[in-house]
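Peer 1: Need a 3D model of the sequence below.
(4 chains)
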Protein chains: 2
Amino acid sequence: MKIGELARLAQCTVETVRYYEKAGLLPSPGRTGSNYRHYGDAHLARLRFIRNCRALDMTHDEVRALLGLVDQPESDCGGVNRVLDEHIAHVDVRIKELKQLKQQLVALRQSCHGEQAVLACGIVQSLATMETETRHERQTHLG
Amino acid sequence: MKIGELARLAQCTVETVRYYEKAGLLPSPGRTGSNYRHYGDAHLARLRFIRNCRALDMTHDEVRALLGLVDQPESDCGGVNRVLDEHIAHVDVRIKELKQLKQQLVALRQSCHGEQAVLACGIVQSLATMETETRHERQTHLG
DNA sequence: GGTTGACCCTATAGTAGCTTCAGGGTGTCC
DNA sequence: GGACACCCTGAAGCTACTATAGGGTCAACC
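Peer 2: Below you'll find the predicted structure:
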């Protein structure tokens, strides 16, 4: 099949497919006489795998790691489990970070007591003077 | 003060300060005879404001909106409250998304029943065959 | 035979928010 | 005058794409 059909079947764009090829996630397919990419079912399966991983917010490095493991089908699946467990841990960390962030934001929001002037607004004053001991270094790739 | 001291006081890097200037968040300071940037306390206050907003995961657009409001100190602070409320809503949405993602991941993780071969692993099989009706479009700038 | 339209190709630039690097100038101490 | 910390600009790199420019291919229709 040609790239347009592949993309449709995997629910992504043609540009994304070409991008994955350049990024080394999807192997380069054969070409027709007119230089069109020509894909088979194995390509579709691999692309679906990649899209599913991406839908689960894995990075390309994580996907690459999984694909590397899948390409050794007789080896045991401990590595797969490990990648997933680490990814779940990333998600957990990010949820905790965001919950803490929300608390900070709600507290900040409450420091405005309905004044009229921006000058007197508790939010603006806090943002201007807060010493950022509250800095959080992002622990994961999840923004 | 020079850029190095400013950066130290605001807990960021010199490069970040120059980047904020180019991005239009921090006004261009005066220059010394040897073309060094020369900052005053107003610059420090503004930089701290920006860094605090960024520590709260606001985008540059959100920060720009807040700075625009702050620069009209007599106007009322309803706009500030609105920016904050919207940002809190973004954070809420992202927390919900991540919780749902975690559920998917945990379910996927449980589909491995301790097989040895990658080929038979329920995780790998799911990732290869799942139809991604579970696709989630990101609703916010928070990754 | 010409042309329309859907599809394909490559290469490049843009997105956010920085970080890093190359290649230089400045200022002060010893 | 040499070492070293600091400053400057401009461009490239990061992630995971998306978009754009400028072209080639193929089948159908008139």
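
Peer 1: mean confidence for stretch A:64-77?
Peer 2: Mean pLDDT, computed over stretch A:64-77, is 90.

Peer 1: helices and strands around the helix or strand of chain A with the lowest mean pLDDT, which ones?
Peer 2: Of all helical and strand segments in chain A, the minimum by mean pLDDT, DSSP states H and E falls on helix A:122-129, at a mean of 88. With contacts taken as 3 or more C-beta pairs under 8 Å, 6 or more residues apart in numbering or on different chains; DSSP states H and E, helix A:122-129 sits against helix A:78-110, helix B:41-55, helix B:60-70, helix B:78-110. C-betas here are computed from N, CA, C, even on glycine.

Peer 1: export the second one as CSV, just CAs?
Peer 2: When you say that, I think you mean helix B:41-55. C-alpha atoms of helix B:41-55 as CSV (Å, rounded to 0.1, in the frame of the first residue of the first chain):
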residue,chain,number,x,y,z
ASP,B,41,15.8,46.9,40.5
ALA,B,42,12.8,47.3,38.3
HIS,B,43,14.3,44.7,35.9
LEU,B,44,15.0,42.4,38.8
ALA,B,45,11.4,42.7,40.0
ARG,B,46,10.0,41.9,36.5
LEU,B,47,12.4,39.0,36.1
ARG,B,48,11.3,37.6,39.4
PHE,B,49,7.7,38.0,38.4
ILE,B,50,8.4,36.1,35.2
ARG,B,51,10.3,33.3,36.9
ASN,B,52,7.5,32.9,39.5
CYS,B,53,4.9,32.6,36.7
ARG,B,54,7.1,30.1,34.9
ALA,B,55,7.5,28.1,38.2
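
Peer 1: can the helices and strands packed on helix A:122-129 go into JSON lines with extra columns for mean neighbour count?
Peer 2: Converted to JSON lines, the helices and strands packed on helix A:122-129 look like this (neighbours: other C-beta atoms under 10 Å in any protein chain shown):
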{"stretch": "helix A:78-110", "mean neighbour count": "17"}
{"stretch": "helix B:41-55", "mean neighbour count": "19"}
{"stretch": "helix B:60-70", "mean neighbour count": "18"}
{"stretch": "helix B:78-110", "mean neighbour count": "17"}
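
Peer 1: who wins for proximity to A:R48 among those?
Peer 2: Closest to A:R48 of those, according to C-beta to C-beta: helix B:78-110, at 14.5 Å.

Peer 1: circling back: quick one: is the least confident helix or strand of chain A near DNA strand C?
Peer 2: No. Contact between helix A:122-129 and DNA strand C is absent, the nearest approach being 14.7 Å (criterion: C-beta under 7 Å from any atom of the strand).
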